[in-house]
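> Quick one: sequence and predicted model below, then my questions.
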Amino acid sequence: METTTKMKSISRRRFLKKTGWMAAGITVASFVAFPVVRDKIPALPTFDAPSDKDGLTWIQILAEGRVRFYCPRMEMGQGAALGLTQVVAEELNIEQTDIECILPDTNQTPPFQMTVGSQSIANFFDPVSWAAAQLREVLRAGAAEKTGLSTDQIMDGRSGFKLPGGTTIGYAALVPATDVIITDNRLIENDNLKRYALRPTTKHQTIGQNWLHHDLTAIVTGRMAYARDISLPDMAFGAVVLPPSFGARFVAANSTGAMELPGVLGVEFDEAAGFVGVVANTPFILPKALDVLNVEWQIESDFGQEQIDALLDVERLRAEDDFTHTLDQSGDFEIGQQSARHRSSGRYDTPFAAHAAIEPRSGLVWVRADKVEVWCGTQDPFFVQKRMAKILNREAEDVVVHTHRIGGGFGGRVMCQASEAAARLSAKFNLPVRVQWDRAAEFQNNYFQPGFSHFIDAGVSKDGFITHWDHDAVSSSILTGLAPGLIGKAIDLATPDQGTTRGIRPPYEMTNKRIRHSAIRTPVPINAWRGLGSAPNAFAIESMMDELAFKSGIDPLQFRLKNLPANRVRLAEVLRKVGDMSNWGQATLEDTGRGLACAVYKDETAVAVVADLTIDHAAETIKVTKVCCAQDCGLVLNPHQVESQIMGNITWGCSMTLNEQITFAQGRVEQDNFHLYEPLRHGSSPEVNVALLAPPGTPPAPVGESALPPVPAAIANAVFAATGHRCRRLPIRYEDIFAETG
Amino acid sequence: MEIVINGNVIAVPDDLQNVTLLDFLRDFVMLTGTKFGCGIGLCGACTVHLDGVAARSCQTYVSDVIDVEVTTIEGLDQTSPGEGLHPVQQAWIAEGVPQCGYCQAGQIMTASALLHRNPAPTAAEIREEMNGNLCRCGTYDRIRRAITRVAQEV
C-alpha cells in the first residue's frame, strides 16, 4: 500500500507522539492502519469496516501491566464497549479491573467506522480479538527472552504467564517503564495465532459473563460527562435562531435590542449559511436575547402532510405501474394468484418518526490559531472532524473531537449541528463557545424516519403454502437521504436504498413473487432511525402473514414454520422457542389478544416475538402487557447487555406502534415537545421475557436494532386477535378501532 | 438570598433569583448530574428532591426554594444512613439498569423519593409513580426490577 511506504519515511515514534497515541508501555503499531493522506474534499460519514490490523491501534499494555483499550465504538447505551472489553480480556487472560476502556478522541486512534447499524460487535469482534491475541504473544515472546525459555514453555496465567516449576511472571514485569513500539513484522502468522475468543463457549473465561458496564457508577451518581455537561473556564454561551420551517432563508435581523442586554458579547449573521447566532458571557441572558433578535425569514416551502402523503402513496404508483426497482422477481405471480385458495390484499402505512432522544444535542468548540477542539456526542467523530475542518476552512488534522457518551443515539447523532454553530461563533468571537439545543430545536431541525406505504397481494394454496407474493412499496431513501437535489434523484434511479429496503425480502418460501420499490424524495430531511426500513417493512410482511394464516384457518406459528425454507433453521428455532415461552395457543380472555411476528435482521439475526395486550375500554387505550422474545444473534459476549438491547427494542417497538407520529404543516414539524410526540411511558411498558439461542460456533450478529422489526406486526396481530379489527396503519390508536365499530 | 443544596449553603446573586432551579444547578452551581430534557416538566430528567419529595427542577424557580432542602443526584448518597451509595443507586448498579444513562439521575431521584415515602410499593404504584420519567432506551423493565430489589431488602 502507498500509505505504508510514505509512513516509513517519517519517524514512527514522532508520528505516534504527535497523534497523542503513545503510552509508557508496549504499543504494537501497524502503519497500514494509519492513513496518512486525509481526504480533504467531501465531509462524508466514515463507512469503512475495520480490518484486523486496525485492531492493533486500539490496544496498549501500560507500564504497570494494565491494558488500555481505546474502544473504537461510540457509546450511547448499547454497551458495545463492554462486550469488546470482554474480548480483550479473554485474549489477554485479565480481569475487568486490569483493563481501562477509553472512549477515544479523534487524536487517539486512526479513523474508524461510524457507530451505526448494529455493527459494533459483528464487525469489531474479529479485529479486537486478533489484535489482543497478537499483543499476548508479543508478551509471551518477551517472557521467553527474559527467562531464556522457549515460547512453548511459557503457559498462560492470570495477567501474565506460568513458567515451568510453578513460578509465574506477570505482564507488569514484562513491560518496560519507557515506551516500546513493536512493529508488525513481529506479528504471528494467522495460522499459528491462538484466538481464545474463537474457542467453544464452554472454554470462555470472560466472554459470556455479565460484566457490568464500567460507566455505571458515574451514571448513577450524576458524574458521567455528557456533551451538555462540559464547560471550560472563560467559555462563552451561544444560541442560534433556527429557521422556522424547512428551507427558510435568512433575510435580515435587527440585533440592536440584543446588543443592549447585559452580558451579550455579539451577534453573528451569515446570510449564505442561513445562520443567526448570539454570544454572551452568561447563559442566563440567552433566552431574552433570542426573544429580541428580530429575524426576518423568507419562507421557501409551506408543504403540509397532505402533499407528503400524496407523494408517498403506493396506490398511485400501482395505478401508474411505475416502480423504479424490482428487488426480487421469480415465477409468475399471476399463475400463483390463480392457484390461490385464499387471498388477501392490503395497504400498510407507517408514519414519519423522530428519534426523541432525551438529551438534546450540544456542542462546545474552541477555535484557536493552531488548533480546533470540539466537545460533543456523536456517532461519527471523524465525520465531525472533517465537517468542522470544512466549515472553518482548516485541515482535518488540526481538529480534535473530544467524544462523550451520547444521551441516546438511535441513528440521530451522526450530524453535529449544534457544534457547527458553536464553531462559527467561536471563530468569530475568539472564545470557547457552547451551544445547546432545546427540545423544540431538536424536533424541528433533526432528520427523520420517512413514512412508508406498502401494498401486498398474496395467497395461500389449499395445502397452506404461499402461492404468490406481490409487494409494492414506496418511501424515501434513508442512507443517502441527505444527498442534495439532483444527486439524490440520480442515486435513487441508480440503486435501491439499502436502508429503506432493509428486511423487505420475506424469509419465506415463495415460488411466485415480485417485490418492487420506489424512493421518492420529499422536502423532509431523512436519515437513519433505529432499524431503518426493517420495522416498517416487517410490519407489512408480518401483518400479511397473519392475514393469510387467519384466512387459511392455520395457526400463525404453524403457518410460518410451514412456509419457511429448509435453510431457515435458526428462524424456525426462535419461532418454536417463543411459542414455548409464551404458551402459544393458549386461550385468551375477552378484550385481550396475543400476536406473533418474526424477522431476520440484516439477514443475520433471527428474532421472534409474541405480544400480549389488553384493551382497556375505561381508559380507551391499548396496553401491551407482556412481550416474549427469542433471538438468535450468534455468540453473545454479554447476555445482560443483549437482553437490555432487546428490552429497549421492544419498548421502542411498542412506542412506534401505539404512540409515535410526526406530521407536517406549513413546511414545519407540528410536534415540538413530548406532549405532542410522546414516547412510551413507564406505565404503559410491557413486562419483557427474553431467551437467547445460538448454534455452537456461530459468530456474533447484530443486536442493537434486531428485535425491533417484528414488534409492530406482533402488536397489530394481537389487536386483531382481541378485536377482529385489522390495523394496517401506524400508529394504532384505540379511537381508530372503536370509532368505526362503536 | 441563600439556598441549601445538598447541605451546602449557596448564595444566590440577585439577577439569578428568577431562573429555573435546573439552570441554576447546572450553570451556576455546576452540578450537572441533573439533566435538561424537555423544559416543560414532561420527561423527568431534571428531577430533584425538595424536602425529600421529587420535583421537576425545570418547573421550579430559585426563589421557590428559599426554605427548602434541595437534594440532587450528587447529594443523594448523603440522605441514606451508612457508607457508600444510596440503596437505590446500588440497586441500579446491581440490576445494570442504565443504557445511555441520560435520564437515569431523574429516574433514581423519583424512585428514591417513592421508596422514602412508601418502602414497599406495589407493582401498580411503581408504574404510576415512575410514569412521569421518560426513558427512550427502554429501561423500564429493569427499573422495576431495581425498585423491587430495594423494597425487598428493606
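Received the coordinates, thanks.

> mean confidence score for stretch A:675-682?
Averaged across stretch A:675-682, the pLDDT comes to 98.

> Would you double-check that B:Gly84 falls in a strand?
No. Counting by DSSP: H, G, I helix; E, B strand; the rest coil, one finds B:Gly84 to be coil, located in no strand.

> Quick check, it in contact with B:Gln90.
Yes. Counting by CB atoms under 8 Å, B:Gln90 is a contact partner of B:Gly84 at 7.3 Å. C-beta: built from backbone N, CA, C; applies to glycine.

> When the two are compared, which one has more neighbours?
B:Gln90 (19 against 9; other CB atoms under 10 Å in any protein chain shown).

> any idea how far the more buried one lies from chain A?
8 Å (CB to the nearest CB, to the nearest Å).

> Run the chain-centre distance for the helix or strand hosting that residue.
Assigned by DSSP states H and E, B:Gln90 falls within helix B:87-94. Here helix B:87-94 is found 14 Å from its chain centre; the criterion is CA atoms, centre = their mean, to the nearest Å.

> For it, enumerate the helices and strands it packs against.
Helices and strands touching helix B:87-94, as assessed by 3 or more CB pairs under 8 Å, 6 or more residues apart in numbering or on different chains; DSSP states H and E, comprise helix A:216-220, helix B:104-117, helix B:140-153.

> got TSV for those helices, with mean pLDDT and distance to A:His468 too?
Below are those laid out as TSV (pLDDT from 0 to 100; distance: least, CB to CB, whole Å):
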stretch	mean pLDDT	distance to A:His468
helix A:216-220	98	52
helix B:104-117	98	50
helix B:140-153	96	41
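
> most tightly surrounded among those?
helix B:104-117 (a mean of 25; mean count of other CB atoms under 10 Å in any protein chain shown).

> Quick check: what element follows it along the chain?
Following helix B:104-117 in sequence, per DSSP H and E, is helix B:123-130.

> so how far is that next one from its chain's centroid?
16 Å.

> ok, and does it reach over to chain A?
Yes. For helix B:123-130, a contact with chain A is found by CB under 8 Å from any CB of the partner chain, at B:Arg127, B:Glu128, B:Met130.

> Looking at the helix holding B:Gln90 now, give me its mean pLDDT.
98.

> Over to stretch A:73-86?
Rounded mean pLDDT across stretch A:73-86 is 93.

> Could you do stretch A:463-474 as well?
The model assigns stretch A:463-474 a mean pLDDT of 97.

> Return the set of buried residues in it.
A:Gly464, A:Phe465, A:Ile466, A:Thr467, A:His468, A:Trp469, A:Asp470, A:His471, A:Asp472, A:Ala473, A:Val474 (16 or more other CB atoms under 10 Å in any protein chain shown).

> Also stretch A:686-693?
Neighbour-count burial for stretch A:686-693 [16+ other CB under 10 Å]: A:Pro686, A:Val688, A:Asn689, A:Val690, A:Ala691, A:Leu692, A:Leu693.

> Same list (those residues) but as JSON lines, adding distance to B:Val97.
Formatted as JSON lines, the buried residues of stretch A:686-693 follow (distance: CB to CB, whole Å):
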{"residue": "A:Pro686", "distance to B:Val97": "17"}
{"residue": "A:Val688", "distance to B:Val97": "14"}
{"residue": "A:Asn689", "distance to B:Val97": "18"}
{"residue": "A:Val690", "distance to B:Val97": "16"}
{"residue": "A:Ala691", "distance to B:Val97": "21"}
{"residue": "A:Leu692", "distance to B:Val97": "19"}
{"residue": "A:Leu693", "distance to B:Val97": "25"}
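
> ok, which of those residues also contact chain B?
A:Pro686, A:Val688.

> Of the buried residues of stretch A:686-693, which belong to strands?
A:Val688, A:Asn689, A:Val690, A:Ala691, A:Leu692 (DSSP state E).

> Return the closest of the residues you listed with respect to chain B.
Closest approach between those and chain B, by CB to the nearest CB: A:Val688, at 4.8 Å.

> Using JSON lines, lay out the helices and strands packed on helix B:87-94 together with distance to A:Leu532.
Shown next, in JSON lines, are those (distance: least, CB to CB, whole Å):
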{"stretch": "helix A:216-220", "distance to A:Leu532": "28"}
{"stretch": "helix B:104-117", "distance to A:Leu532": "27"}
{"stretch": "helix B:140-153", "distance to A:Leu532": "24"}
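
> Nearest to A:Tyr226, out of these?
Closest to A:Tyr226 of these, according to CB to CB: helix A:216-220, at 9.8 Å.

> Give me the contacts around that closest one.
Here helix A:216-220 makes contact (CB atoms under 8 Å, 6 or more residues apart in numbering or on different chains) with A:223-224, B:73, B:85, B:89, B:92-93, B:96, B:98, B:101, B:104-105, B:108.

> ok, and the residue in chain B positioned nearest to chain A, which helix or strand is that part of?
Ranked by CB to the nearest CB, the top residue of chain B for proximity to chain A is B:Gly33, at 1.9 Å. Per DSSP H and E, B:Gly33 falls between elements, in no helix or strand.

> Show me the domain layout of chain A.
A:2-220, A:227-300+A:361-436, A:312-353+A:448-741 (automatic domain parsing).

> What is the neighbour count of B:Cys43?
30.

> Where does it sit: helix, strand or coil?
Going by three-state DSSP: B:Cys43 is coil.

> Hmm, it is touching B:Gln107, no?
No. Using CB under 8 Å as the test, B:Cys43 is too far from B:Gln107 to be in contact (10.6 Å).

> what is in contact with these two at once?
Joint contacts of B:Cys43 and B:Gln107 (CB under 8 Å, 6+ apart) are B:Asn133.

> Tell me which residue is most central in the chain.
In the absence of a named chain, this looks at chain A. Residue closest to the average C-alpha location in chain A (CA atoms, centre = their mean): A:Val116, at 3.8 Å.

> right idea, wrong chain: chain B
Nearest to the geometric centre of chain B sits B:Met109, at 2.6 Å (CA atoms, centre = their mean).

> Quick one: residues contacting the closest residue to it other than its chain neighbours.
Nearest residue to B:Met109, sequence neighbours excluded (CB to CB, 6 or more residues apart in numbering or on different chains): B:Thr47, at 4.2 Å. Contacts for B:Thr47 (CB under 8 Å, 6+ apart) come out as B:Thr34, B:Ala54, B:Ala55, B:Arg56, B:Ser57, B:Ala105, B:Gly106, B:Gln107, B:Met109, B:Thr110, B:Asn133.

> For A:Ile94, give its distance to chain B.
21 Å.

> ok, the closest residue to that residue other than its chain neighbours - how many residues close by?
Leaving out its chain neighbours, the residue that sits closest to A:Ile94 by CB to CB, 6+ apart is A:Ser159, at 5.1 Å. By other CB under 10 Å, the residues close to A:Ser159 number 18.

> How confident was the prediction at A:Ser159?
pLDDT, read off for A:Ser159, is 94.

> now swap in A:Ile622 and tell me
At A:Ile622, pLDDT is 97.

> and A:Gly634, how many residues sit next to it?
Neighbour count for A:Gly634, taken as other CB under 10 Å: 22.

> Actually, B:Glu2.
Neighbour tally, B:Glu2, other CB under 10 Å: 8.

> For it, give the beta-bridge partners.
B:Ala11 (DSSP bridges).

> wait, what's in contact with it?
Contacts of B:Glu2 (CB under 8 Å, 6+ apart): B:Val9, B:Ile10, B:Ala11, B:Val12, B:Ile66.

> still on that earlier bit, present the buried residues of stretch A:463-474 as JSON lines; the columns should include secondary structure.
As requested, those are exported to JSON lines (three-state DSSP):
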{"residue": "A:Gly464", "secondary structure": "coil"}
{"residue": "A:Phe465", "secondary structure": "coil"}
{"residue": "A:Ile466", "secondary structure": "strand"}
{"residue": "A:Thr467", "secondary structure": "strand"}
{"residue": "A:His468", "secondary structure": "strand"}
{"residue": "A:Trp469", "secondary structure": "strand"}
{"residue": "A:Asp470", "secondary structure": "strand"}
{"residue": "A:His471", "secondary structure": "strand"}
{"residue": "A:Asp472", "secondary structure": "strand"}
{"residue": "A:Ala473", "secondary structure": "strand"}
{"residue": "A:Val474", "secondary structure": "strand"}
